[in-house]
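# Sequence and computational prediction follow.
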Amino acid sequence: MTLYYTGNHRDPGQLEEMHRLERSGICLFCPDNLANEPEQRLLHRTSWWSVTPNRYPYAGTQNHLLLVPTIHVADLLDLPTEARNDFWTALSWVRDTFELEFYGLGARCGPCEYTGGTIEHVHVHVIVGAVTDPEHQPVRFKLSSRPGR
Ligand SMILES: [Zn+2]
């Protein structure tokens with residue numbers, strides 16, 4: 001089983017990082033690794049969730065955060081009830097801290113090769129569009145990009 005699906009990488013640096021982590025057998029989003037990865041800042045932690053910036057934010061975003069559960073599962077619905085409920089605590093922290101008036105949420109559940117995901121450990125994207133940019137267009141949650149397209 002692989003932790004990373006390189007077919008969906010969006011950045012050459014990201015691809016390199018995915019290869020490095022896969023070779024080391026490190027899941028970047030498992031709590032100990034997330035806490036010890038200097039490039040992956042930890043902004044906040046609740047009982048069951050970590051808040052961290054997406055190091056490879058989507059184009060057209062002014063802020064792109066990830067909410068990562070402390071348990072390694074591939075589907076949000078495989079989290080225990082306490083973790084599911086605690087999601088709202090983490091999301092509230094994000095909205096309050098960043099004073100968000102709007103944002104989009106997205107999660108990919110199941111095998112990355114079918115969802116457009118890159119890492120098996122499920123996480124929720126909090127996407128804030130860069131509306132002050134004159135070129136702004138509403139952010140579209142990209143489902144999939146196949147290699148070579
Ligand atoms: Zn993990």
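Everything's here; your move.
# In this protein, what residue spans correspond to helices?
12-24, 31-36, 81-97, 112-115 (DSSP state H).
# Listing request: residues of this structure with sub-threshold pLDDT.
1, 137-149 (pLDDT under 70).
# got the residues of it near the ion?
27, 29-30, 72, 121 (C-beta under 5 Å from the ion). (Each C-beta comes from the backbone N, C-alpha and C, glycine too.)
# Distance to Y103 and mean neighbour count added to the helices of the chain, as TSV?
Below are these laid out as TSV (distance: least, C-beta to C-beta, whole Å; neighbours: other C-beta atoms under 10 Å):
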stretch	distance to Y103	mean neighbour count
helix 12-24	23	14
helix 31-36	22	14
helix 81-97	7	14
helix 112-115	20	16
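# Which residue is the nearest non-sequential neighbour of the residue nearest the centre of the chain?
Note on the chain: the residue nearest the mean C-alpha position is L66, at 4.0 Å, using C-alpha atoms, centre = their mean. The shortest distance from L66 to any non-neighbouring residue, by C-beta to C-beta, 6 or more residues apart in numbering, is to H123 (4.8 Å).
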